[in-house]
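**Q** coordinates only, no sequence provided:
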């Protein structure tokens, strides 16, 4: 409902994430000529002159409070479903030292996942640049977010999911007004179909990092964290990593904030969390590679991070290394166990991808790569309500009359 | 993660909602001696002297910013899972006159429903008053909320659902650490079992209005609306009405705000929305009764408002009448149609109970009881993701290769 005020904007140009070649702002772009993601650049000193941290704190607690750091030029092009600042929830029961264990609950965003951050920005920019048809490959959540924002903006949307995507996700995407296909293959196979539709029908390709603005939306996770931590960032960030836009985006946010002097000192160590059944980034990190190989026979209960090949692999690996972080993989049984513990003991029902970060926290505390004295933020990237839960027959009863003496 | 600051509190006493008889604050209470809900009363002039509207606006955007209006005495007893201020989302496509059509999206709260507001307060007060075992009858969402907060506070919880409660809801409650039963009956039958457990095992009964603090939590919907509308309330509020705690709570909030002079003039007309398959309040309203009769053979897709008998019926009817509002019922097909339209056209996936308010808005615009020039707030009480969606075969395709020429 919020009326978004006009504010000055500061995008100067885009540049190739690999070569640094410049591209003009305010034009429709996909990948760079080298096939790499395009990165949005700003007049950071202009931002610093236009707005202060104190001023930000008096604005509504949503993603658009960071307007000067975002690409949308005209307020009327903002397509919004209420992108509230997501809460930080402490898992006190998992604390073993001086450090705090904190979940950032991204499941509170529109369509129930952090995909809303990227897609509200991509769709708003698509609107600003005159696009009317959007397409996307998805493991579920990105498709729902794109469909919701596209429908709200009066655009058509076409979504392609692996055929084993849970029915709840496929129906959600359709309910949001998109045309959806179940594709015989994984997300990279879906991506190929989007590419063909782009050629044939002129669809705008909203795939992860194939358009420049989803990173800018995901960047707000970093801006928000800095803001919520009173511009003193936590020690470690554990991030469930599929396409990695959020990790890249947060790292970009921290660079921009450092550049304008709003944060100082050591930045958080960025930890890319994957599943042992699909861990291309972990393998590349461990082997000291710049790029990751395609992961064969990818499988994990955490479908959102079942991404065998990430186009931004080198950007993820750069951020992890520059931050002195690492990449790590956790097995599915540890993911499910962490999910159960967090909901049962702390009331925090995480999605499997989010639970993977808790499993990774436990694993790396054990390994010594994380210290109990470090404050760690775990990203719960979607509401746990979208995912099937186990039967839990030990906690669900049907016998009547109730035998109170047994309780 | 937020550390809640100590703040002055202003509860003076509780009083019987029917007779006005006074009960002491800071003691454990259920119903009054006449079997009526107890209402919490405050030193309102004390609140007015302690805090201003401007001061509130500088506090974090969550339910606890209204601490002076709430019963919890000591900050350490607050049990929180991040009760953010829920966003207002305009449905511009449903606007036909000068009035705005706005959804308040309560699905963003912990455990995905507005039940979190009442239960975070009830559990915090239970903690403050030394309770360790909680029980509740539920159609699903209240049980999940109670279980989550109880688990977080280290309490045991026991939950009773009608046996046709969707599996997703029953599992969610169990995942949050409660012991759950599927009961052969409706929610009032579940309530009888809780009553028996209370006698036998000393459970604290958290049923709607059978403890005094869920209303105080739900009251924050009214405080928040006033705050978000800059202390100029909308013309009409459409509220999906089962037990009615939220409607009663909002009306109480408006009285308190009026008393201290923070709002002036005409209050919103309160509209109680029910389903034609379970409409006891509508029948009582139409017949000019003070109390509602038990509704027989209750059925509706909107399970949350399938409440055949509400213990606070007279309080609901009072609020509706005092506000010059009304009660109305909508059929299930209109509910499902409204849900589809809102998600497809506006990106707003509502729960069936929330969609009932949109269906009621459309129906009453037609009937003339609501004018197109009135600004109306519709309460979406839970995330639409918790509810089964239809197959939508016209929007979901499996054929490959894709025939692009058909698109």
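**A** Yes, it's here. None of the values given here were measured: they were computed from a predicted structure.

**Q** pLDDT score for the residue nearest to the spatial centre of chain A?
**A** Closest to where the C-alpha atoms of chain A average out (C-alpha atoms, centre = their mean) is residue A:246, at 4.2 Å. For residue A:246, the pLDDT comes out at 95.

**Q** the one 3 residues further on now?
**A** At residue A:249, the pLDDT value in this model is 97.

**Q** try residue A:1
**A** pLDDT for residue A:1: 56.

**Q** the helix or strand containing the residue nearest to the centre of chain A - contacts with which helices or strands?
**A** Residue A:246 is part of helix A:245-259, with elements assigned from DSSP states H and E. Secondary-structure packing of helix A:245-259 (3 or more C-beta pairs under 8 Å, 6 or more residues apart in numbering or on different chains; DSSP states H and E): helix A:44-50, helix A:115-128, helix A:214-228, strand A:236-240, strand A:269-275, helix A:313-322. Where you see a C-beta, it was placed from the backbone N, CA and C, and this is true even at glycine.

**Q** again, only using 6 Å
**A** With contacts taken as 3 or more C-beta pairs under 6 Å, 6 or more residues apart in numbering or on different chains; DSSP states H and E, helix A:245-259 sits against helix A:214-228, helix A:313-322.

**Q** just want the angle from the longest one to strand A:236-240.
**A** Going back to what we said before, that points to helix A:214-228. Angle, helix A:214-228 to strand A:236-240, by axes from the mean of the first three to the mean of the last three C-alpha atoms, to 10 degrees: 150 degrees.

**Q** near chain B at all, helix A:214-228?
**A** No: judged by C-beta under 6 Å from any C-beta of the partner chain, helix A:214-228 stays clear of chain B, getting no closer than 7.8 Å.

**Q** give me the contacts around that helix.
**A** With C-beta atoms under 6 Å, 6 or more residues apart in numbering or on different chains as the test, helix A:214-228 has contacts from A:40, A:63, A:66, A:70-71, A:85, A:88, A:117-118, A:120-122, A:245-246, A:248-250, A:252-254, A:257, A:263.

**Q** ditto for stretch A:276-294
**A** Stretch A:276-294 has contacts (C-beta under 6 Å, 6+ apart) with A:241, A:272, A:274, A:295, A:298-300, A:306, A:308-309, A:313-314, A:316, A:327, A:329, A:331.

**Q** ranking the helices and strands packed on helix A:245-259 by burial, who's on top?
**A** Greatest average neighbour count among the helices and strands packed on helix A:245-259 goes to helix A:214-228 (a mean of 26), per mean count of other C-beta atoms under 10 Å in any protein chain shown.

**Q** that helix vs helix A:245-259, what angle?
**A** Inter-element angle recorded for helix A:214-228 and helix A:245-259: 60 degrees (by the same axes, to 10 degrees).

**Q** pLDDT of helix A:214-228, averaged?
**A** For helix A:214-228, mean pLDDT rounds to 97.

**Q** state the number of residues packed around residue A:262.
**A** Residues lying near residue A:262 (other C-beta atoms under 10 Å in any protein chain shown) number 18.

**Q** make sure it is indeed in a helix.
**A** No: Residue A:262 is assigned coil when assessed by DSSP: H, G, I helix; E, B strand; the rest coil, not a helix.

**Q** where does it land on pLDDT?
**A** Confidence score, pLDDT, at residue A:262: 97.

**Q** again with the one 4 residues further on
**A** Model confidence at residue A:266, expressed as pLDDT, equals 94.

**Q** is it in a helix, a strand, or coil?
**A** Residue A:266 - assigned by three-state DSSP - is coil.

**Q** count of neighbours near it?
**A** By other C-beta under 10 Å, the residues close to residue A:266 number 10.

**Q** dump the residue contacts of it.
**A** Listed by C-beta under 6 Å, 6+ apart, residue A:266 has no contact partners.

**Q** what distance do you get for it to residue A:324?
**A** Using C-beta to C-beta, to the nearest Å, residue A:266 is found at 9 Å from residue A:324.

**Q** contacts for the helix holding residue A:246?
**A** By C-beta under 6 Å, 6+ apart, the residues outside helix A:245-259 that reach it are A:44, A:118, A:208, A:214-215, A:218-219, A:221-223, A:226, A:239, A:241, A:263, A:267, A:270, A:312, A:315-316, A:319.

**Q** buried residues, that helix. List them.
**A** Across helix A:245-259, burial judged by 16 or more other C-beta atoms under 10 Å in any protein chain shown covers A:245-257.

**Q** tell me the spacing between residue A:285 and chain B.
**A** For residue A:285, the distance to chain B (C-beta to the nearest C-beta, to the nearest Å) stands at 29 Å.

**Q** buried ones in stretch A:122-137, by neighbour count?
**A** Of the residues in stretch A:122-137, those buried (16+ other C-beta under 10 Å) are A:122-128, A:131, A:133-137.

**Q** in TSV: the residues you listed, plus pLDDT and distance to residue B:340.
**A** Output for these, formatted as TSV (pLDDT from 0 to 100; distance: C-beta to C-beta, whole Å):
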residue	pLDDT	distance to residue B:340
A:122	98	25
A:123	98	21
A:124	98	25
A:125	98	28
A:126	97	24
A:127	98	24
A:128	97	29
A:131	96	25
A:133	97	22
A:134	97	21
A:135	97	22
A:136	95	22
A:137	95	25
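
**Q** okay, these in a markdown table with distance to residue B:202 next?
**A** Output for those, formatted as a markdown table (distance: C-beta to C-beta, whole Å):
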| residue | distance to residue B:202 |
| --- | --- |
| A:122 | 55 |
| A:123 | 54 |
| A:124 | 55 |
| A:125 | 59 |
| A:126 | 59 |
| A:127 | 59 |
| A:128 | 62 |
| A:131 | 62 |
| A:133 | 62 |
| A:134 | 57 |
| A:135 | 59 |
| A:136 | 54 |
| A:137 | 55 |
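
**Q** of those residues, just say which sits nearest to residue B:378.
**A** For the buried residues of stretch A:122-137, the minimum distance to residue B:378 (C-beta to C-beta) is 23.8 Å, reached by residue A:123.
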